[in-house]
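**Student:** for reference, the sequence and a predicted model appear below.
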Amino acid sequence: MELVGFGAAAIEPLKEFLFSGRPSGIFQPRQWAVEALGTLGAKDVLLEYLRRDERIPDPVVQHGEEAVRNTAARLIARWKTDDVFDLLVELAHKRILPGIVTALGAFRRKEALPILERALEDDVARPAAEEALAGFGGEEIEILVSAVRRKRMNEDQEVPSSRRRRRSAAELLSNSRIEPGLWPQLRFLLEEDDSELVIHGAKIATLLAPDTEKTNAVASILRVLPDSPWYLKEEATKCLEALYSWGELLIENQIAWRSEEPPLKRIADDTLLTLLRLRRHMHDRG
């Protein structure tokens, strides 16, 4: 990075190193060159680098070069110009990378929303897509509702990438400020088999569902709670707490039913323990 001290005179040597050097699994020197070019404001060089479409057969080398391209994409987003945006869109249609997703999100342009939605299906790019979508301030709601409602099936089974997208979209919606009028389009989440979708749907129900439907939300949580992974149980408990006045009878019935099991089974019943803690907490609150 000392080359930055030479100012514009360093751009050509850095470009030569980046374009003529061979990608390798040790990618940090190329990444430093990209960072230096960004600091020097070499927008055109970064654009030219990102336009290069090299096929790298070695997966280790490919992974390293993707790290360099991710850095270049994040840096190029400093320039909020049409040519930069158009190139990022073009690159995203070829391959979704976290840096490209982050850069597109930085533009806050509605044209990027379909790409960000598609990135929710990608294990690597999904966190960047979630962060980008959360920063749109409401413009993303319509496409998230569409994303959570749309299943992609393989015969009778939903494909894993489709489920990942729907889970992410549901979680983003549960953390967004959405209008009550959208509840009819999201009510179906309470009937899903997937515990994550159900619990995100119940969280939405605590805010949007009419009182007549909040008992249904409690019933849905109780249905999936035993099979929910540990990281969802806390969220489910918060929903039950918010819905307690509508679902107290259902919760008491569930406690009574589970309490009739043999002692060894009761001790190992995490759902029973969760509901007992919830009841004690609500009674202590008065």
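**Tutor:** Cool, got the structure.
**Student:** from residue 94, how far off is residue 88?
**Tutor:** Remark: distance between residue 88 and residue 94 (C-beta to C-beta, to the nearest Å) = 11 Å. Quick note: C-beta positions are derived from backbone N, CA and C, even for glycine.
**Student:** one more: residue 83?
**Tutor:** For residue 83 relative to residue 94 (C-beta to C-beta), the value is 17 Å.
**Student:** between these two, tell me which one has more neighbours.
**Tutor:** Set residue 83 next to residue 94 and count neighbours by other C-beta atoms under 10 Å: residue 83 wins out with 12 against 9.
**Student:** who are the contact partners of that one?
**Tutor:** residue 47 (C-beta atoms under 8 Å, 6 or more residues apart in numbering).
**Student:** and if you look at residue 247?
**Tutor:** The contact partners of residue 247, by C-beta under 8 Å, 6+ apart, come to 214, 215, 217, 218, 219, 222, 240.
**Student:** which of those residues are buried? Put it as a ChimeraX command.
**Tutor:** Of the contacts of residue 247, the buried ones go into a single ChimeraX selection, burial set by 16 or more other C-beta atoms under 10 Å:
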select :214,215,217,218,222,240
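**Student:** format the contacts of residue 247 as TSV; extra columns: pLDDT and secondary structure.
**Tutor:** Formatted as TSV, the contacts of residue 247 follow (pLDDT from 0 to 100; DSSP: H, G, I helix; E, B strand; the rest coil):
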residue	pLDDT	secondary structure
214	96	helix
215	96	helix
217	97	helix
218	98	helix
219	97	helix
222	97	helix
240	97	helix
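**Student:** closest to residue 203 among the contacts of residue 247?
**Tutor:** Closest approach between the contacts of residue 247 and residue 203, by C-beta to C-beta: residue 217, at 8.9 Å.
**Student:** so residue 204 makes contact with residue 187?
**Tutor:** No. Counting by C-beta atoms under 8 Å, residue 204 stays clear of residue 187, with 9.1 Å between them.
**Student:** neighbour count for those two, which is higher?
**Tutor:** Under the criterion of other C-beta under 10 Å, the comparison of residue 204 against residue 187 puts residue 204 first, with 25 against 17.
**Student:** contacting residues for that one?
**Tutor:** Residue 204 neighbours (C-beta under 8 Å, 6+ apart): 170, 173, 174, 178, 183, 186, 189.
**Student:** now it: how far from residue 40?
**Tutor:** If you go by C-beta to C-beta, the gap between residue 204 and residue 40 works out to 47 Å.
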